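Participant: Just the structure for this:
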Amino acid sequence: MSKVDLIIIGAGPGGYRAAEYAAKQGLKVVIFEGSEVGGTCLNVGCIPTKTYVHSATFAEARERMATVVSQLRQGVEGILSHPNITLVREKGVFTDAHTVGDYTADNIIIATGSETKWLPIKGVDKRLRVGEQSSGIPRVVDSTGLLNLETQPKRLAIIGAGVIGMEFASVFNRFGTEVTVIEYLKECLPALDSDIAKRLRKYLERPRVGDGTSGMKGGITFKMKTAVEDIADIDADVVLMATGRKPRVQADFANAGIEFDERKGVTVDDHFKTTVNGIFAIGDVNGKQMLAHAAEMQAIHVVNQIIGKPDNIRFDIMPAAIFTQPEAACVGPTEDQLKAEGIAYECRKSFWRANGKALAMGETEGMLKLFVSPADGAILGCHAYGAHSADIVQEVSVLMCKHTTIAELADMVHIHPTLSEILKSAVE
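Facilitator: Predicted structure coming up:
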């Protein structure tokens with residue numbers, strides 16, 4: 001049995017970031033990964049999806065996806081080749097609270113990520129695998145299965161209008177696939193301000209005229225406040241199950257004595273400590289903030305605790321983006337949440353159509369809502385859709401972390417012409 005400083009289970013964004021940071025701090029690290037390094041995000045999630053977003057055709061997307069994923073995976077392999085890191089290419093399994101495989105450590109980080117949450121809809125258990133003939137029955141896939149399709153579907157039905165569903169709906173509609181989105185709630189993207197979400201949905205519904213190569217014709221069809229009872233009732237070639245993800249927990253976690261739930265994930269406190277001293281859980285597996293960048297920052301925070309280094313990471317300020325076309329992004333509460341919680345606020349709006357750079361780019365669709373405190377001008381949150389809205393919201397996130405007021409923002413010079421002037425316009 002070999003003793004090391006830190007054991008990490010899972011080499012996704014949280015796991016490999018923890019390994020890299022810990023190794024640079026001089027810790028001896030062992031990281032277990034039973035699949036490809038990079039986790040869901042790199043191999044079958046964020047990166048492949050964004051490759052599709054920035055490709056003109058389905059065929060081009062598949063070709064570029066393989067190239068981009070391979071290049072980034074090699075980058076992670078390089079990170080994990082650090083002399084202080086040992087990569088064990090097998091699933092990490094607890095023997096007891098301080099032992100995983102052939103290694104023991106006082107500190108262990110669980111970073112096993114998440115997996116598709118399949119709804120118990122009639123017909124889902126009989127879903128066909130990639131390569132099988134459908135015989136008239138829709139092929140049901142999750143996001144990984146959709147990315148692995150070798151031919152572009154003519155008709156795609158998506159169950160769920162969350163981030164995964166909306167991104168794929170936008171991409172495949174642009175490729176020329178007839179797309180229908182079925183959502184149980186009254187509006188798409190529940191984490192996004194309802195006004196912004198509605199405007200984005202209405203835009204995506206608009207008919208589009210193709211350029212002779214992309215094949216775009218109609219907009220996306222949305223069926224809101226609709227429940228699917230039987231897959232056989234869906235008129236499509238392929239059905240994408242996009243109803244969210246659930247923490248990937250392992251039965252052997254019980255060997256360590258930690259508390260976990262099949263739906264909610266591993267129980268942790270605000271510093272990602274589990275119920276067992278020395279064991280932490282970061283990223284999707286703890287169910288707190290299921291975002292790759294959240295996992296990376298949780299990794300840094302946990303390693304800092306292990307080495308006794310303080311930090312001021314604000315996990316209450318967590319920006320997020322949805323890479324539809326146009327994209328959307330948010331940080332902080334929605335207007336509905338502010339109202340429900342009785343928080344006093346003012347709403348400042350600005351529009352892409354009034355921005356010189358947006359006009360020059362031909363990207364005039366978009367709106368930004370900035371929520372501020374009427375008492376002291378503190379920025380409470382920002383929700384937007386439009387070209388590069390994620391970049392604008394990222395700026396707001398930084399300002400919020402530094403307690404910047406709108407009066408101070410108004411005094412900050414913004415380059416002209418840029419889309420960032422949309423934010424400046426909201427405070428003037």
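
Participant: in stretch 76-84, what counts as buried?
Facilitator: Using 16 or more other CB atoms under 10 Å as the test for burial, stretch 76-84 gives 76, 79-80, 84. (C-beta placed from N, C-alpha, C; glycine too.)

Participant: quick one: which of those residues is nearest to residue 273?
Facilitator: Taking CB to CB as the measure, residue 84 is the one of these closest to residue 273, at 23.4 Å.

Participant: That closest one contacts residue 30, correct?
Facilitator: No. Checked against CB atoms under 8 Å, the pair residue 84 and residue 30 is beyond contact range at 10.1 Å.

Participant: Could you tell me which helix of this protein is the longest one?
Facilitator: The single longest helix within the chain, with elements called by DSSP state H, is helix 58-79.

Participant: C-terminal to that helix, which secondary structure element comes first?
Facilitator: Next along the chain after helix 58-79, taking DSSP states H and E as the criterion, comes strand 85-88.

Participant: any residues touching that following strand, and which ones?
Facilitator: For strand 85-88, contacts defined as CB atoms under 8 Å, 6 or more residues apart in numbering pick out 4, 11, 19-20, 23, 29-33, 37, 79-81, 101, 103.

Participant: So in that sheet, which strands flank it, and in what orientation?
Facilitator: Here the strand partners of strand 85-88, with direction, are listed using DSSP bridges: strand 29-32 (parallel).

Participant: ok, back up a step: distance to residue 58 and pLDDT for the buried residues of stretch 76-84 - can I get that in TSV?
Facilitator: As requested, those are arranged in TSV below (distance: CB to CB, whole Å; pLDDT from 0 to 100):
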residue	distance to residue 58	pLDDT
76	27	96
79	32	96
80	33	97
84	43	98
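
Participant: any chance of these in a markdown table, with distance to residue 205 too?
Facilitator: Putting those into a markdown table (distance: CB to CB, whole Å) gives the following:
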| residue | distance to residue 205 |
| --- | --- |
| 76 | 39 |
| 79 | 43 |
| 80 | 45 |
| 84 | 53 |
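
Participant: So what's the residue count around residue 415?
Facilitator: In terms of burial, residue 415 registers 9 neighbours under the definition other CB atoms under 10 Å.

Participant: Low-confidence regions, the chain specifically.
Facilitator: Low-confidence segments of the chain, defined by pLDDT under 70: 126-137, 209-217.

Participant: give the contact list for the residue most central in space within it.
Facilitator: Nearest residue to the geometric centre of the chain (CA atoms, centre = their mean): residue 291, 4.5 Å. Contacts for residue 291 were tallied using CB under 8 Å, 6+ apart; they are 318, 320.

Participant: Roughly how far does it sit from residue 16?
Facilitator: For residue 291, the distance to residue 16 equals 16 Å [CB to CB, to the nearest Å].

Participant: try residue 187
Facilitator: Using CB to CB, one obtains 36 Å as the distance from residue 187 to residue 16.

Participant: Which parts of this protein belong to which domain?
Facilitator: Using automatic domain parsing, the domain parsing of the chain gives 2-115+246-307, 124-243, 326-427.

Participant: Could you look over the ones you listed and pick the most buried one?
Facilitator: Burial among these, expressed as mean neighbours by mean count of other CB atoms under 10 Å, is greatest for domain 2-115+246-307, which shows a mean of 20.

Participant: what's the spacing between that one and its chain's center?
Facilitator: Distance of domain 2-115+246-307 from the chain centroid (CA atoms, centre = their mean, to the nearest Å) equals 15 Å.

Participant: Can you measure across it, start residue to end residue?
Facilitator: Between the opening and closing residues of domain 2-115+246-307 we find a distance of 21 Å, counting by CA to CA, to the nearest Å.

Participant: same question, stretch 362-371
Facilitator: Across stretch 362-371, first to last residue, CA to CA, it's 27 Å.

Participant: what's in contact with that stretch?
Facilitator: Outside of stretch 362-371, the residues that reach it under the criterion CB under 8 Å, 6+ apart are 193, 195-196, 199, 203, 326, 332-333, 335, 338, 345-353, 358, 379-387, 389, 392, 396, 406, 422-423, 426-427.

Participant: Contacts only, for the residue nearest to residue 396 when sequence neighbours are not counted.
Facilitator: Of all residues beyond its chain neighbours, the one nearest residue 396 is residue 382 (4.1 Å), with distances taken as CB to CB, 6 or more residues apart in numbering. Going by CB under 8 Å, 6+ apart, residue 382 touches 330-332, 368-371, 392-393, 396, 423.
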